[in-house]
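Visitor: no sequence on hand, only this structure:
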């Protein structure tokens with residue numbers, strides 16, 4: 001099987017699984033002609049089915065189809081087909097030989113098994129492997145029926161029928177809408193309408209709640225980080241105006257600031273202090289000399 005076709009079949013079976021609930025091991029209904037063609041092409045039917053649906057399979061054959069093989073046992077090559085069909089699980093279709101001496105056609109038998117109540121649904125999730133074009137054409141009208149056939153020793157899985165594809169698209173849209181309803185917050189207009197229907201509260205409380213709901217700021221604020229914002233470039237005219245304004249401000253401050261007065265000393269202040277000191281010292285010496293002379297006279 002080529003890679004591209006294998007990828008398509010895998011994707012198709014995944015769609016059947018997600019939308020219609022198919023699961024492994026897949027129940028595959030085979031007809032007598034499919035078994036005969038598999039023996040004629042020397043094909044391992046079970047392995048081919050597993051490669052086609054990309055999973056484990058459980059081949060089944062109805063009582064009517066196995067009876068058709070036994071009726072042809074005199075034909076060459078039918079013995080191998082009978083032995084192969086014996087290994088498959090027998091699906092009871094309810095068409096007993098006592099009531100139906102001749103087995104029903106493949107279309108009637110498989111239709112009664114896949115859709116017994118004619119509801120257009122594959123309730124038991126069968127995969128049908130049939131070589132009859134009539135059978136495949138009829139089962140395309142039943143939703144969720146994967147159809148397989150052999151063409152030139154190549155096993156082919158038919159694309160999803162239109163009815164099944166429509167069902168799948170509707171379910172996908174329904175899931176998408178349900179997810180949107182979960183994630184989409186309720187609009188303020190709807191909340192206000194709900195409050196109006198409920199009767200609301202008093203006038204002041206209603207105004208306050210509306211003002212609170214009107215705008216909420218989370219975090220430090222809605223402005224961007226000033227450190228991360230690029231500074232705006234100034235025009236030459238703005239730069240010149242700022243320079244003039246700065247010069248005027250400096251000149252005004254200089255005019256208002258009081259001038260510092262320097263205090264100067266007089267030249268005679270220091271000399272007078274020295275003379276005074278010397279005269280005081282001389283007076284003290286004279287006084288001492290006079291005292292000593294008086295002592296000498298007394299003696």
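Guide: Yep, that arrived. The structure displayed is predicted, hence computed values, not measured ones. Numbers count the residues shown, from 1 in each chain.

Visitor: mind checking how far residue 150 is from residue 15?
Guide: 23 Å (CB to CB, to the nearest Å). For glycine as for every other residue, the C-beta is placed from the backbone atoms N, C-alpha and C.

Visitor: let me fix that: residue 174
Guide: Taking CB to CB, one finds residue 174 at 16 Å from residue 15.

Visitor: of these two, which one has the most company?
Guide: Each of residue 174 and residue 15 has its neighbours counted (other CB atoms under 10 Å); residue 15 has more, 16 against 10.

Visitor: correct me if wrong: that one contacts residue 160.
Guide: Yes: Residue 15 is in contact with residue 160 according to CB atoms under 8 Å; the separation is 6.8 Å.

Visitor: any common contacting residues for those two?
Guide: residue 168 (CB atoms under 8 Å, 6 or more residues apart in numbering).

Visitor: how about the strands in the protein?
Guide: Using DSSP state E, the strands of the chain run over 26-30, 57-62, 89-91, 126-129, 147-151, 154-157.

Visitor: list the buried residues of the last one.
Guide: If you call a residue buried by 16 or more other CB atoms under 10 Å, then strand 154-157 has these buried ones: 155, 157.

Visitor: over to stretch 58-68?
Guide: 59-68.

Visitor: of all those residues, which two lie farthest apart?
Guide: 59 and 67 (17.3 Å; CB to CB).

Visitor: remind me which residues of this structure are low pLDDT?
Guide: Along the chain, the parts satisfying pLDDT under 70 run over 1, 176, 179-180, 182-222, 258-262, 266-299.

Visitor: just to revisit the earlier point, let me have the strands of the chain in CSV, extended by distance to residue 138.
Guide: Below are those laid out as CSV (distance: least, CB to CB, whole Å):
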stretch, distance to residue 138
strand 26-30, 14
strand 57-62, 16
strand 89-91, 18
strand 126-129, 10
strand 147-151, 10
strand 154-157, 18
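
Visitor: quick one, which of these gets closest to residue 100.
Guide: Nearest of these (CB to CB): strand 57-62, 11.9 Å.

Visitor: and the closest one, which strands flank it?
Guide: strand 26-30 (parallel), strand 89-91 (parallel) (DSSP bridges).

Visitor: how deep is residue 50 tucked in, by neighbour count?
Guide: Here the count is done by other CB under 10 Å, and residue 50 has 18 residues near it.

Visitor: that one against residue 56, yeah?
Guide: Yes: judged on CB under 8 Å, residue 50 makes contact with residue 56 at a distance of 6.4 Å.

Visitor: before we move on, back to that, so which of the buried residues of stretch 58-68 comes closest to residue 82?
Guide: Taking those together and measuring to residue 82 by CB to CB, the closest member is residue 66, at 7.9 Å.

Visitor: give the contact list for the closest one.
Guide: Taking CB under 8 Å, 6+ apart, one finds 32, 82, 85, 90 in contact with residue 66.

Visitor: again, 10 Å this time
Guide: The neighbourhood of residue 66, defined by CB atoms under 10 Å, 6 or more residues apart in numbering, consists of 32, 35, 81-82, 85-86, 88, 90-91, 103.

Visitor: with residue 148 instead?
Guide: Neighbours of residue 148 in contact, by CB under 10 Å, 6+ apart: 9, 28-30, 34, 48-49, 52-53, 127-131, 136, 155-158.
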